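Student: Let me see the structure of the following:
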Amino acid sequence: MQNLQFPINFEFKIGTISNDFVAGDFSGKTIAYVRQKMFKLKEDIEIFSDETRAQVNYRIKADRWLDFSAAYSFYDAQNTTIGKIARKGWRSIWKAQYEIIDQNDQLQYSINEESGMVKVFDSLLGQIPILGLLTGCFFNPSYLVTDTQGQPIVRMKKEASLWGRKFQLTKVGQMDSDDDDRIMLGLMMMLLLERQRG
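Tutor: You can find the predicted model right below:
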């Protein structure tokens, strides 16, 4: 996933048993097809080059069974660890917070939900019969990726859609081309986790 052309669009599939989505660049070209294996005690996500699922480029695996504070390691096609993402524990209850860590276990980037109130209103409206189906049209959280100096790099925003299935990633700062993969894999894992939470 090098030399990315922004904005990047993510769209979850509807009507499939597995939790999967497609990532495409501004021209509509597929850059990744992400598939989460269902009914697994430990997360195991495969990232394919396209929807044919002929070639697995990356995998994301949890370091422990169903656990709120699990870390998720990134592996390339040669099964080499290239980094991981970890949720910042109980802080993420109010606002989602994650850390992207490099292959040397050094903190490299942070992902922070920009407004905790969006999550609160989304959860409240989601409890109301019939209206709960429309939350994806009204409450759309955004997540900002920053470097260790607090400089913004990219922003992920949920777009208004039924079932909250569309997201867009835009570039807002300078990104080291060597880190494209880690940032993308971290955001893909975060999307899967946050979508499960509602």
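Student: Spell out the residue ranges of the helices in the protein.
Tutor: 116-126, 135-138, 180-197 (DSSP state H).
Student: Could you pull out the strands in this protein for me?
Tutor: Per DSSP state E, the chain carries strands over the ranges 8-12, 19-24, 30-36, 44-48, 56-62, 71-76, 81-87, 97-101, 107-113, 142-147, 152-158, 166-171.
Student: okay, these in JSON lines with mean neighbour count and mean pLDDT next?
Tutor: Glycine gets a C-beta too; all of them are placed from N, C-alpha and C. As requested, these are exported to JSON lines (neighbours: other C-beta atoms under 10 Å; pLDDT from 0 to 100):
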{"stretch": "strand 8-12", "mean neighbour count": "19", "mean pLDDT": "93"}
{"stretch": "strand 19-24", "mean neighbour count": "19", "mean pLDDT": "91"}
{"stretch": "strand 30-36", "mean neighbour count": "20", "mean pLDDT": "93"}
{"stretch": "strand 44-48", "mean neighbour count": "20", "mean pLDDT": "94"}
{"stretch": "strand 56-62", "mean neighbour count": "18", "mean pLDDT": "95"}
{"stretch": "strand 71-76", "mean neighbour count": "20", "mean pLDDT": "95"}
{"stretch": "strand 81-87", "mean neighbour count": "20", "mean pLDDT": "94"}
{"stretch": "strand 97-101", "mean neighbour count": "21", "mean pLDDT": "95"}
{"stretch": "strand 107-113", "mean neighbour count": "19", "mean pLDDT": "95"}
{"stretch": "strand 142-147", "mean neighbour count": "19", "mean pLDDT": "95"}
{"stretch": "strand 152-158", "mean neighbour count": "19", "mean pLDDT": "94"}
{"stretch": "strand 166-171", "mean neighbour count": "18", "mean pLDDT": "94"}
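Student: Throw the ones you listed into a markdown table and include distance to residue 192, thanks.
Tutor: Shown next, in a markdown table, are those (distance: least, C-beta to C-beta, whole Å):
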| stretch | distance to residue 192 |
| --- | --- |
| strand 8-12 | 9 |
| strand 19-24 | 6 |
| strand 30-36 | 6 |
| strand 44-48 | 7 |
| strand 56-62 | 9 |
| strand 71-76 | 9 |
| strand 81-87 | 11 |
| strand 97-101 | 12 |
| strand 107-113 | 13 |
| strand 142-147 | 13 |
| strand 152-158 | 13 |
| strand 166-171 | 11 |
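Student: Having no further points to raise, I will conclude here.
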